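In: Please work out how this folds:
(chains A and B)
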Amino acid sequence: SQTIHQWPATLVQPVGSPLSLECTVEGTSNPNLYWYRQAAGRGLQLLFYSVGIGQISSEVPQNLSASRPQDRQFILSSKKLLLSDSGFYLCAWSVGDRGIQPQHFGDGTRLSIL
Amino acid sequence: GNSVTQMEGPVTLSEEAFLTINCTYTATGYPSLFWYVQYPGEGLQLLLKATKADDKGSNKGFEATYRKETTSFHLEKGSVQVSDSAVYFCALKETGGYQKVTFGTGTKLQVIP
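Out: A predicted model of the protein is given here:
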């Protein structure tokens, strides 16, 4: 069966520090991968999605970036964090199909910027 | 572009009450529709889905019917439990292109004993 792992679960970082969140998927190949942010009390905002290695599409211009160095690995990064980067970050995957299959989510990373 | 509109919460119900959470959407083409549930401090879990008009998705006593004529996908449950307290997200997924998913803003449900 397929599983998705996301870490760390919780992170506290000072303003201006770098960031690296990692997400890996097991049990499937060539998944579509997604990074979302959920601000407190708000819905999900799609940040990045990837349909293959090295293929990254950005939905919202900001100081975050994403990379996909391997088929089932998706990394969210920042060189200098802002206070506004605080939130709950969720990684998700889905199969590349006709669009009838759902996305499957990791357990999320709660990021607090001090 | 695509959009999903959900009723604002929080929705507070007594145990065993009937639940309806409204969801309407706008989309080009014929998207698939989903309901996800998020328990406190956790990621999202798929609750149910429907992939074409008039399909009914169901799971754990929850139901939703894909209504193309009203562009709606309302979530219902006949008798809620305290354990159903969570945030519920309605979502649509494109059936072409990059199959991006558009989420509603979520509706918080609180069930009191």
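
In: For the rest of this, base every contact and every neighbour count on C-alpha atoms.
Out: OK.

In: The chain: strands as residue ranges?
Out: Looking at chain A here, since you left the chain open. Under the criterion DSSP state E, chain A carries strands at the ranges A:3-7, A:10-13, A:19-26, A:32-38, A:44-52, A:55-58, A:64-70, A:73-78, A:87-94, A:104-105, A:109-113.

In: oops, chain B please
Out: So, for chain B - with DSSP E - the strands run B:3-6, B:11-14, B:19-21, B:23-26, B:32-38, B:44-50, B:56-59, B:62-65, B:75-77, B:86-93, B:101-103, B:107-112.

In: any chance of those in a markdown table, plus mean pLDDT and mean neighbour count?
Out: Output for the strands of chain B, formatted as a markdown table (pLDDT from 0 to 100; neighbours: other Cα atoms under 10 Å in any protein chain shown):
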| stretch | mean pLDDT | mean neighbour count |
| --- | --- | --- |
| strand B:3-6 | 92 | 19 |
| strand B:11-14 | 96 | 16 |
| strand B:19-21 | 97 | 19 |
| strand B:23-26 | 96 | 19 |
| strand B:32-38 | 94 | 25 |
| strand B:44-50 | 94 | 21 |
| strand B:56-59 | 96 | 16 |
| strand B:62-65 | 98 | 21 |
| strand B:75-77 | 98 | 20 |
| strand B:86-93 | 94 | 26 |
| strand B:101-103 | 87 | 22 |
| strand B:107-112 | 96 | 20 |
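
In: of those strands, which approaches A:Gln6 most closely?
Out: Closest to A:Gln6 of these is strand B:44-50 (Cα to Cα; 13.0 Å).

In: List the residues that contact the residue nearest the centre of chain A.
Out: Taking Cα atoms, centre = their mean, the centroid of chain A lies closest to A:Trp35, which sits 2.8 Å from it. For A:Trp35, the contacting residues are A:Leu46, A:Leu47, A:Phe48, A:Tyr49, A:Leu76, A:Tyr89, A:Leu90, A:Cys91, A:Ala92, by Cα atoms under 8 Å, 6 or more residues apart in numbering or on different chains.
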